[in-house]
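Q: sequence below, structure please.
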Amino acid sequence: TSFQANFGHNFDPIRNRVIQQLDTMPIASPKSSFDLKKDVSRRLIDLIGLGNGKLFYTVSGAEAVENALKIARQITGRPIVAARQKSYHGATLGALSVTGDWRNEPHLTFDQGTLRIPEHDQDPDLTHTEQLFLQTGPDNIAAVILETISGTNGMSIPDPEWFGRIQNLCRKYGCLLILDEVLVGFGRCGTDFAFQAYSLEPDLVCMSKAMTGGYIPFGAVWTSPEIANYYDTQTMSCGLTNYAHPLGMAALDGVLSSLADPRFRDKM
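A: The predicted model follows:
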């Protein structure tokens, strides 16, 4: 099945968990603290496997991308985000601004805040990409955002060496690396997250879709420990009415339990 429905249309571990949550606590205020929220968040952070970062929950993949862009610009104080020429990051205005395909064109997007970089097969050693960085001014570039594996523009799987060079370029110029795993996270590519097959260490990871198997609209941004520490003293003005909604947390609980079950993993 495609996109969000990779657990099927009647998968009991997710379906029953959502029903159970409806019968116990179907709604909560965005700032509330409850055991499900704490337990599932810890398990998701462990699944990502990049240290003791934090999660910002959303209700879609596009919102995850939006908030990752806002975080990157706030932390670095830089206005520009580099994105691939052939990419899709969501239908909201900020996400469309870093999108490189035909869906960007009709919407008067924030393109002055986007630097288009070549595809991996057009510039494998990043010679042209680094020239674009230097022409733009590295001190103006907050982050690079990439789909780890693109899907809606035709499947495109970069070479591991290209990803390593992108990560090194970000480190060289003090840019953050945002990976859009909305389409490929939660077992879609064999590993729990596609970036794990490349041994990458992104600063932010955007997720949605298979995060709940499509049973509940839900999303999240994982942030590195360094970014999490930044917000210990700074305000993140990105509140959402349905932040960490209990039904989304319950569906995610069902997904995480399934991914941890060898009987399920053997069928993937």
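
Q: residue ranges of the helices in the stretch 151-268 of the chain, please?
A: In the stretch 151-268 of the chain, the helices defined using DSSP state H, counting those that start in this stretch lie at 160-173, 225-230, 246-259, 262-265.

Q: dump these to a markdown table, plus mean neighbour count and distance to residue 3.
A: C-beta: built from backbone N, CA, C; applies to glycine. Output for those, formatted as a markdown table (neighbours: other CB atoms under 10 Å; distance: least, CB to CB, whole Å):
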| stretch | mean neighbour count | distance to residue 3 |
| --- | --- | --- |
| helix 160-173 | 16 | 23 |
| helix 225-230 | 15 | 28 |
| helix 246-259 | 23 | 15 |
| helix 262-265 | 10 | 20 |
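
Q: redo those helices as JSON lines? Include distance to residue 57 and mean pLDDT.
A: Compiled in JSON lines, the helices of the stretch 151-268 of the chain are given as follows (distance: least, CB to CB, whole Å; pLDDT from 0 to 100):
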{"stretch": "helix 160-173", "distance to residue 57": "25", "mean pLDDT": "96"}
{"stretch": "helix 225-230", "distance to residue 57": "14", "mean pLDDT": "96"}
{"stretch": "helix 246-259", "distance to residue 57": "7", "mean pLDDT": "97"}
{"stretch": "helix 262-265", "distance to residue 57": "24", "mean pLDDT": "78"}
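
Q: could these go into a markdown table alongside distance to residue 142?
A: Shown next, in a markdown table, are those (distance: least, CB to CB, whole Å):
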| stretch | distance to residue 142 |
| --- | --- |
| helix 160-173 | 10 |
| helix 225-230 | 12 |
| helix 246-259 | 28 |
| helix 262-265 | 37 |
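
Q: for those helices, which one sits closest to residue 47?
A: helix 246-259 (6.6 Å; CB to CB).

Q: may I have the phi/psi pair for residue 235?
A: Here is the backbone geometry of residue 235 (degrees, to the nearest 10): phi -90, psi 130.

Q: what about it, how many neighbours?
A: When neighbours are counted by other CB atoms under 10 Å, residue 235 registers 7.

Q: same question, residue 15
A: Residue 15 has 17 neighbours, counted by other CB under 10 Å.

Q: looks to me like it is in a strand.
A: No - counting by DSSP: H, G, I helix; E, B strand; the rest coil, residue 15 is located in no strand; its state is helix.

Q: quick one, what contacts residue 123?
A: 117, 129 (CB atoms under 8 Å, 6 or more residues apart in numbering).

Q: tell me the pLDDT of it.
A: On pLDDT, residue 123 comes in at 96.

Q: how about it, secondary structure?
A: Of the three states, residue 123 takes coil under three-state DSSP.

Q: that one and residue 81, how far apart?
A: The gap separating residue 123 from residue 81 is 18 Å, by CB to CB, to the nearest Å.

Q: now residue 34
A: When CB to CB is applied, the distance between residue 34 and residue 81 equals 34 Å.

Q: more neighbours: these two, which one.
A: More crowded of residue 34 and residue 81, by other CB under 10 Å: residue 81, with 26 against 12.

Q: which residue comes closest to that one once chain neighbours are left out?
A: The shortest distance from residue 81 to any non-neighbouring residue, by CB to CB, 6 or more residues apart in numbering, is to residue 143 (5.1 Å).

Q: residue 104 against residue 97, yeah?
A: Yes - if you go by CB atoms under 8 Å, residue 104 and residue 97 touch, sitting 7.3 Å apart.

Q: quick check: neighbours shared by these two?
A: residue 111.

Q: I'd say residue 213 and residue 5 touch.
A: Yes - Residue 213 is in contact with residue 5 according to CB under 8 Å; the separation is 6.7 Å.

Q: okay, these two: which has more neighbours?
A: residue 213 (26 against 14).
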